[in-house]
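Asks: Show me the folded form of this:
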Amino acid sequence: MTWLELVPFFGLGILSNTVFPMPFEPLLVAYSGGRTDSDLAVLCLLGSLCAGAGALVDAGWLGVVRRRMRRRLEVPADMRAGLRFYLFTAAAGLLPIPFTLVRAGLLHARPRPLLFAGIVAVARYPRYLVIVFAWGALALPEWAGWVLGGATLLAALEWRHMQRGRKHVPAAARGAVSGP
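Replies: I've put the predicted structure just below:
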């Protein structure tokens with residue numbers, strides 16, 4: 001893998017491991033085509049580091065949201081994340097369950113950022129290994145991964161565009177009913 005390939009991999013890898021609505025796995029599959037087993041292991045390691053960096057980003061900006069919510073609602077100081085939060089984070093990183101549940105937990109509890117990122121990175125590594133080796137077992141052409149990755153990126157960008165295009169409808173207009 002060249003440095004020219006790694007730059008977009010790291011950029012998209014970190015972005016897709018945050019709340020940006022694009023999963024990382026299609027990107028990982030796209031980059032895995034035609035690689036040796038040792039290259040795949042390194043690629044998965046780099047991907048898990050991207051997941052850890054994405055977790056740091058999530059913890060930071062969702063921490064800002066959490067503090068603003070607490071100020072508005074006049075709730076006491078942040079609660080520290082406990083063992084259950086970290087165990088659930090590890091399970092969500094390892095298993096195919098929505099990581100959005102962990103992000104919702106970040107709105108409730110304040111984790112130790114490096115511990116949180118480390119748990120995410122370590123939990124994602126075996127998951128990524130399974131994904132790239134299972135994809136390789138399908139014996140599809142190398143370009144199929146890029147088609148999957150590109151389609152996923154386009155779908156995420158279209159979703160973001162639709163979300164930005166929505167206009168805020170006032171509550172009075174939503175509740176207004178015309179007719180008898």
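
Asks: pull the longest helix from this structure.
Replies: Criterion DSSP state H: the longest helix present in the chain is helix 37-73.

Asks: Return the distance of that one from the chain's centre.
Replies: Helix 37-73 sits 7 Å away from the centroid of its parent chain (CA atoms, centre = their mean, to the nearest Å).

Asks: Now do whatever helix or strand comes next after that helix: everything it contacts.
Replies: Moving toward the C-terminus from helix 37-73, the next helix or strand (DSSP states H and E) is strand 79-80. Residues from elsewhere that reach strand 79-80 (CB atoms under 8 Å, 6 or more residues apart in numbering): His108, Ala109, Arg110, Pro111. C-beta: built from backbone N, CA, C; applies to glycine.

Asks: May I have the predicted confidence score for the second one?
Replies: Right, Ala109. Note on Ala109: pLDDT of 87.

Asks: try Leu140
Replies: Per the predicted model, pLDDT is 81 at Leu140.

Asks: Next, the contact list for the residue lying closest to Asp58 once chain neighbours are set aside, please.
Replies: Closest residue to Asp58 apart from its sequence neighbours, by CB to CB, 6 or more residues apart in numbering: Thr18 at 5.4 Å. Residues near Thr18 by CB under 8 Å, 6+ apart: Gly54, Val57, Asp58.

Asks: How about the first one: what's its closest non-neighbour residue?
Replies: In this case it means Gly54. Gly54's closest residue in space is Asn17 (CB to CB, 6+ apart), at 2.7 Å.

Asks: Pretty sure Ala55 is one of the things the one you found touches, is it not?
Replies: Yes. If you go by CB atoms under 8 Å, Asn17 and Ala55 touch, sitting 7.0 Å apart.
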